[in-house]
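Engineer: The sequence and its predicted three-dimensional model are supplied below.
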Amino acid sequence: MPPTAPPPHGIWLPLITPFRDGALDTSSLRRLLRHYATQPIDGLILGATTGEGLTLDETELESLVTITAGELATTDHRLPLCLGLCGSHTDKLIKSLHHTAAWSIDHYLIACPYYTRPSQLGLRLHFTALADAAAHPILIYNIPYRTGVNLGNDAMLHLAQHPNIAGLKDCCADPTQSFDLLRARPPNFAILTGEDALFYTALTQGADGGILASAHIETAAFAEVRSHLLAGDRPAALAAWQALADLPRLLFAEPSPAPIKHWLWRIGLIDSPELRLPMTQVSDGLAARIDEQIARTQPLPQRKPPAG
(Lines give C-alpha, C1' and ligand atoms only; values in the text may rest on other atoms or scores of the structure.)
Protein backbone atom coordinates (compact mmCIF):
# COMPACT_ATOMS: atom_id res chain seq x y z
CA MET A 1 0.00 0.00 0.00
CA PRO A 2 1.65 3.28 -1.04
CA PRO A 3 1.91 6.07 1.53
CA THR A 4 -0.86 8.66 1.46
CA ALA A 5 1.13 11.33 3.32
CA PRO A 6 4.63 12.75 2.71
CA PRO A 7 7.47 11.60 4.97
CA PRO A 8 7.54 13.59 8.21
CA HIS A 9 10.12 16.28 8.81
CA GLY A 10 10.76 19.16 11.18
CA ILE A 11 9.43 19.45 14.73
CA TRP A 12 6.75 16.93 15.71
CA LEU A 13 5.15 17.40 19.10
CA PRO A 14 4.14 14.30 21.09
CA LEU A 15 1.24 16.08 22.74
CA ILE A 16 0.54 15.55 26.44
CA THR A 17 -2.95 14.35 27.34
CA PRO A 18 -4.54 16.66 29.92
CA PHE A 19 -6.58 15.04 32.70
CA ARG A 20 -8.76 16.49 35.42
CA ASP A 21 -10.48 14.51 38.17
CA GLY A 22 -9.57 11.28 36.43
CA ALA A 23 -11.09 12.17 33.07
CA LEU A 24 -9.88 13.59 29.78
CA ASP A 25 -9.84 17.38 30.19
CA THR A 26 -11.32 18.48 26.89
CA SER A 27 -11.29 22.21 27.60
CA SER A 28 -7.56 22.12 28.37
CA LEU A 29 -7.00 19.97 25.29
CA ARG A 30 -8.70 22.56 23.08
CA ARG A 31 -6.63 25.34 24.68
CA LEU A 32 -3.43 23.41 23.99
CA LEU A 33 -4.41 22.82 20.40
CA ARG A 34 -5.23 26.46 19.77
CA HIS A 35 -1.85 27.41 21.24
CA TYR A 36 0.26 24.94 19.29
CA ALA A 37 -1.59 25.72 16.07
CA THR A 38 0.18 29.10 16.27
CA GLN A 39 3.62 27.57 16.84
CA PRO A 40 6.20 26.43 14.24
CA ILE A 41 5.58 22.71 14.54
CA ASP A 42 5.16 20.31 11.63
CA GLY A 43 2.96 17.62 13.16
CA LEU A 44 1.29 16.28 16.29
CA ILE A 45 1.51 12.82 17.80
CA LEU A 46 -1.42 11.70 19.94
CA GLY A 47 -1.61 8.95 22.52
CA ALA A 48 2.09 8.09 22.54
CA THR A 49 4.38 7.84 25.57
CA THR A 50 4.31 11.55 26.40
CA GLY A 51 0.54 11.45 25.92
CA GLU A 52 0.24 8.59 28.46
CA GLY A 53 -1.32 6.48 25.75
CA LEU A 54 -1.07 3.25 27.73
CA THR A 55 -3.53 4.70 30.26
CA LEU A 56 -6.15 5.67 27.65
CA ASP A 57 -9.04 3.38 26.77
CA GLU A 58 -10.32 3.13 23.18
CA THR A 59 -13.12 5.62 23.75
CA GLU A 60 -10.73 8.21 25.21
CA LEU A 61 -8.24 7.68 22.41
CA GLU A 62 -10.91 8.18 19.77
CA SER A 63 -12.16 11.30 21.56
CA LEU A 64 -8.61 12.63 21.65
CA VAL A 65 -8.28 12.23 17.88
CA THR A 66 -11.76 13.56 17.10
CA ILE A 67 -11.37 16.67 19.27
CA THR A 68 -7.90 17.36 17.93
CA ALA A 69 -8.89 17.04 14.28
CA GLY A 70 -12.01 19.14 14.84
CA GLU A 71 -10.19 21.90 16.71
CA LEU A 72 -7.37 22.12 14.17
CA ALA A 73 -9.92 22.34 11.37
CA THR A 74 -10.98 25.70 12.81
CA THR A 75 -7.45 27.11 12.59
CA ASP A 76 -5.27 28.21 9.68
CA HIS A 77 -2.55 25.69 10.52
CA ARG A 78 -3.17 22.26 9.00
CA LEU A 79 -1.09 19.84 11.02
CA PRO A 80 -0.72 16.17 10.16
CA LEU A 81 -1.75 13.87 13.00
CA CYS A 82 0.05 10.70 14.04
CA LEU A 83 -1.52 8.13 16.36
CA GLY A 84 0.69 6.28 18.82
CA LEU A 85 0.14 2.54 19.17
CA CYS A 86 2.12 -0.21 20.83
CA GLY A 87 1.82 -3.82 21.83
CA SER A 88 3.48 -7.22 21.72
CA HIS A 89 0.69 -9.14 19.95
CA THR A 90 0.88 -8.63 16.19
CA ASP A 91 -2.67 -9.78 15.40
CA LYS A 92 -4.11 -7.61 18.16
CA LEU A 93 -2.28 -4.58 16.79
CA ILE A 94 -3.60 -5.34 13.31
CA LYS A 95 -7.12 -5.26 14.75
CA SER A 96 -6.30 -1.84 16.26
CA LEU A 97 -5.12 -0.65 12.86
CA HIS A 98 -8.37 -1.78 11.27
CA HIS A 99 -10.40 -0.19 14.07
CA THR A 100 -8.68 3.19 13.67
CA ALA A 101 -8.39 3.19 9.87
CA ALA A 102 -11.20 5.72 9.36
CA TRP A 103 -10.02 8.10 12.09
CA SER A 104 -8.76 11.55 11.09
CA ILE A 105 -5.05 10.64 11.22
CA ASP A 106 -2.21 10.68 8.73
CA HIS A 107 0.36 8.33 10.27
CA TYR A 108 0.88 5.75 12.99
CA LEU A 109 3.81 5.73 15.42
CA ILE A 110 4.31 2.13 16.50
CA ALA A 111 6.90 1.07 19.07
CA CYS A 112 8.83 -2.16 18.93
CA PRO A 113 7.12 -4.97 20.85
CA TYR A 114 7.90 -4.55 24.53
CA TYR A 115 9.01 -7.16 27.07
CA THR A 116 8.88 -10.16 24.73
CA ARG A 117 12.23 -9.32 23.09
CA PRO A 118 11.69 -10.94 19.67
CA SER A 119 14.53 -11.70 17.27
CA GLN A 120 15.45 -9.42 14.41
CA LEU A 121 13.50 -11.71 12.08
CA GLY A 122 10.51 -11.48 14.42
CA LEU A 123 10.71 -7.68 14.37
CA ARG A 124 10.87 -7.64 10.59
CA LEU A 125 7.86 -9.92 10.24
CA HIS A 126 5.93 -7.97 12.91
CA PHE A 127 6.35 -4.58 11.25
CA THR A 128 5.86 -5.99 7.76
CA ALA A 129 2.51 -7.45 8.82
CA LEU A 130 1.49 -4.14 10.39
CA ALA A 131 2.56 -2.13 7.35
CA ASP A 132 0.66 -4.48 5.05
CA ALA A 133 -2.49 -3.97 7.12
CA ALA A 134 -2.28 -0.24 7.90
CA ALA A 135 -4.42 2.31 6.09
CA HIS A 136 -1.87 5.03 6.90
CA PRO A 137 1.94 5.09 6.75
CA ILE A 138 3.82 3.83 9.79
CA LEU A 139 6.68 5.40 11.69
CA ILE A 140 8.62 2.82 13.66
CA TYR A 141 9.63 3.77 17.19
CA ASN A 142 12.89 2.15 18.25
CA ILE A 143 13.52 2.71 21.96
CA PRO A 144 15.27 -0.36 23.39
CA TYR A 145 15.74 1.04 26.89
CA ARG A 146 11.93 0.96 27.23
CA THR A 147 11.01 -2.10 25.16
CA GLY A 148 13.96 -4.37 25.92
CA VAL A 149 14.73 -5.00 22.23
CA ASN A 150 16.79 -3.03 19.72
CA LEU A 151 15.78 -2.97 16.06
CA GLY A 152 19.15 -3.22 14.34
CA ASN A 153 20.10 -1.43 11.17
CA ASP A 154 20.01 -4.50 8.92
CA ALA A 155 16.39 -5.18 9.86
CA MET A 156 15.53 -1.48 9.77
CA LEU A 157 16.95 -1.02 6.28
CA HIS A 158 14.96 -4.03 5.10
CA LEU A 159 11.78 -2.51 6.55
CA ALA A 160 12.61 0.89 5.06
CA GLN A 161 11.97 -0.59 1.62
CA HIS A 162 8.31 -1.19 2.49
CA PRO A 163 6.15 1.44 0.76
CA ASN A 164 3.98 1.89 3.86
CA ILE A 165 6.82 2.41 6.34
CA ALA A 166 7.59 6.12 6.16
CA GLY A 167 10.30 6.53 8.75
CA LEU A 168 11.71 6.07 12.20
CA LYS A 169 11.64 7.74 15.58
CA ASP A 170 15.16 6.98 16.69
CA CYS A 171 15.85 6.51 20.39
CA CYS A 172 18.32 3.63 20.06
CA ALA A 173 20.81 5.36 22.43
CA ASP A 174 23.73 4.17 20.26
CA PRO A 175 25.31 7.10 18.39
CA THR A 176 27.13 4.79 15.99
CA GLN A 177 23.95 2.92 15.09
CA SER A 178 22.09 6.19 14.53
CA PHE A 179 24.85 7.66 12.35
CA ASP A 180 25.25 4.51 10.26
CA LEU A 181 21.50 4.38 9.63
CA LEU A 182 21.45 8.00 8.50
CA ARG A 183 24.23 7.22 6.02
CA ALA A 184 22.60 4.08 4.65
CA ARG A 185 18.88 4.90 4.58
CA PRO A 186 17.05 4.98 1.27
CA PRO A 187 15.58 8.19 -0.22
CA ASN A 188 12.30 9.43 1.26
CA PHE A 189 12.73 7.41 4.45
CA ALA A 190 12.48 9.91 7.30
CA ILE A 191 14.53 9.70 10.47
CA LEU A 192 13.54 11.91 13.39
CA THR A 193 15.37 11.81 16.67
CA GLY A 194 13.36 11.21 19.80
CA GLU A 195 16.25 12.14 22.07
CA ASP A 196 15.58 15.77 22.94
CA ALA A 197 19.06 16.37 24.33
CA LEU A 198 20.64 15.14 21.08
CA PHE A 199 18.48 17.22 18.73
CA TYR A 200 21.26 19.46 17.46
CA THR A 201 23.69 16.58 16.96
CA ALA A 202 21.10 14.52 15.09
CA LEU A 203 20.33 17.40 12.76
CA THR A 204 24.00 18.01 11.96
CA GLN A 205 24.32 14.32 11.02
CA GLY A 206 21.37 14.47 8.63
CA ALA A 207 18.24 13.72 10.64
CA ASP A 208 15.04 15.19 9.21
CA GLY A 209 13.88 16.62 12.52
CA GLY A 210 12.78 15.51 15.94
CA ILE A 211 9.82 14.18 17.89
CA LEU A 212 10.47 16.31 20.94
CA ALA A 213 8.51 16.40 24.18
CA SER A 214 10.60 19.39 25.26
CA ALA A 215 9.18 21.39 22.36
CA HIS A 216 6.02 21.87 24.42
CA ILE A 217 8.17 24.65 25.89
CA GLU A 218 10.16 27.17 23.84
CA THR A 219 8.69 25.66 20.68
CA ALA A 220 9.97 28.41 18.42
CA ALA A 221 13.50 28.06 19.80
CA PHE A 222 13.67 24.39 18.76
CA ALA A 223 12.42 25.29 15.30
CA GLU A 224 15.02 28.07 15.10
CA VAL A 225 17.88 25.60 15.57
CA ARG A 226 16.72 23.62 12.55
CA SER A 227 15.98 26.72 10.48
CA HIS A 228 19.53 28.01 10.95
CA LEU A 229 20.98 24.66 9.89
CA LEU A 230 18.75 24.50 6.82
CA ALA A 231 19.97 27.99 5.92
CA GLY A 232 23.58 26.84 6.22
CA ASP A 233 24.33 28.99 9.26
CA ARG A 234 25.82 26.48 11.65
CA PRO A 235 27.29 29.06 14.08
CA ALA A 236 23.81 30.57 14.57
CA ALA A 237 22.32 27.10 14.99
CA LEU A 238 24.92 26.18 17.60
CA ALA A 239 24.36 29.43 19.49
CA ALA A 240 20.60 28.83 19.48
CA TRP A 241 21.12 25.29 20.72
CA GLN A 242 23.53 26.33 23.46
CA ALA A 243 20.86 28.71 24.76
CA LEU A 244 18.30 25.90 24.74
CA ALA A 245 20.25 22.81 25.75
CA ASP A 246 19.52 22.96 29.49
CA LEU A 247 15.76 22.81 28.93
CA PRO A 248 15.54 19.09 28.03
CA ARG A 249 17.67 18.27 31.06
CA LEU A 250 15.22 20.11 33.31
CA LEU A 251 12.15 18.57 31.69
CA PHE A 252 13.56 15.06 31.97
CA ALA A 253 14.97 15.43 35.48
CA GLU A 254 12.04 13.28 36.62
CA PRO A 255 9.86 10.89 34.60
CA SER A 256 8.16 12.56 31.66
CA PRO A 257 5.59 14.00 31.14
CA ALA A 258 5.25 15.14 34.76
CA PRO A 259 7.68 18.10 34.48
CA ILE A 260 6.08 19.24 31.20
CA LYS A 261 2.60 19.03 32.68
CA HIS A 262 3.68 21.03 35.71
CA TRP A 263 5.13 23.75 33.44
CA LEU A 264 2.04 23.90 31.22
CA TRP A 265 -0.20 24.06 34.30
CA ARG A 266 1.83 26.87 35.85
CA ILE A 267 1.56 29.01 32.72
CA GLY A 268 -2.16 28.37 32.37
CA LEU A 269 -2.27 26.17 29.28
CA ILE A 270 -3.81 23.25 31.19
CA ASP A 271 -6.05 23.33 34.25
CA SER A 272 -4.30 20.54 36.17
CA PRO A 273 -0.90 18.81 36.13
CA GLU A 274 -2.69 15.51 36.86
CA LEU A 275 -1.21 12.25 35.62
CA ARG A 276 -2.51 8.71 35.76
CA LEU A 277 -0.83 6.11 37.92
CA PRO A 278 1.76 4.75 37.89
CA MET A 279 3.00 8.20 36.82
CA THR A 280 3.11 10.79 39.59
CA GLN A 281 3.50 14.56 39.78
CA VAL A 282 6.88 16.23 40.12
CA SER A 283 8.63 16.52 43.44
CA ASP A 284 8.49 19.79 45.37
CA GLY A 285 12.15 20.39 44.57
CA LEU A 286 11.74 20.05 40.82
CA ALA A 287 8.52 22.07 40.90
CA ALA A 288 10.46 24.92 42.51
CA ARG A 289 13.20 24.70 39.88
CA ILE A 290 10.64 24.81 37.07
CA ASP A 291 8.83 27.73 38.68
CA GLU A 292 12.12 29.61 38.94
CA GLN A 293 12.85 29.00 35.28
CA ILE A 294 9.38 30.16 34.21
CA ALA A 295 9.62 33.27 36.39
CA ARG A 296 12.74 34.36 34.51
CA THR A 297 10.67 34.86 31.36
CA GLN A 298 7.06 35.43 32.38
CA PRO A 299 4.88 36.06 35.44
CA LEU A 300 3.29 33.01 37.00
CA PRO A 301 -0.48 32.85 37.45
CA GLN A 302 -1.64 32.23 40.99
CA ARG A 303 -2.59 28.56 41.19
CA LYS A 304 -3.26 26.34 44.15
CA PRO A 305 -1.30 23.08 44.28
CA PRO A 306 -3.47 20.15 43.16
CA ALA A 307 -4.81 17.81 45.79
CA GLY A 308 -2.74 14.73 46.42
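Structural biologist: Yep, it's here. Bear in mind that the values here come from a model prediction, so they are computed numbers and not experimental data. Numbering: from 1, shown residues only.
Engineer: Tell me how many other residues crowd residue 67.
Structural biologist: Look at residue 67: counted by other Cβ atoms under 10 Å, it has 16 neighbours. No exception for glycine: its C-beta is placed from N, CA and C like everyone else's.
Engineer: doesn't residue 28 make contact with it?
Structural biologist: No. Contact criterion Cβ atoms under 8 Å: residue 67 and residue 28 do not qualify, at 10.9 Å.
Engineer: quick one, helices of this protein?
Structural biologist: Assigned by DSSP state H, the helices in the chain fall at 26-36, 58-72, 90-100, 120-133, 144-147, 153-159, 175-184, 199-204, 219-230, 234-244, 246-251, 258-266, 284-295.
Engineer: most tightly surrounded among those?
Structural biologist: Mean neighbours per residue, mean count of other Cβ atoms under 10 Å, is largest over those for helix 258-266, with a mean of 23.
Engineer: Remind me what that one packs against, helices and strands.
Structural biologist: With contacts defined as 3 or more Cβ pairs under 8 Å, 6 or more residues apart in numbering; DSSP states H and E, helix 258-266 has these neighbours: helix 246-251, helix 284-295.
Engineer: which stretches of this structure aren't confidently modelled?
Structural biologist: 1-5, 299-308 (pLDDT under 70).
Engineer: what do you get if the cut-off is 90, keeping everything else the same?
Structural biologist: 1-7, 75-78, 296-308 (pLDDT under 90).
Engineer: if we can go back for a sec, using CSV, lay out the helices and strands packed on helix 258-266 together with distance to residue 274.
Structural biologist: Listed next are those as CSV, based on distance: least, Cβ to Cβ, whole Å:
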stretch, distance to residue 274
helix 246-251, 18
helix 284-295, 14
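Engineer: Tell me which of those helices approaches residue 89 most closely.
Structural biologist: helix 246-251 (32.4 Å; Cβ to Cβ).
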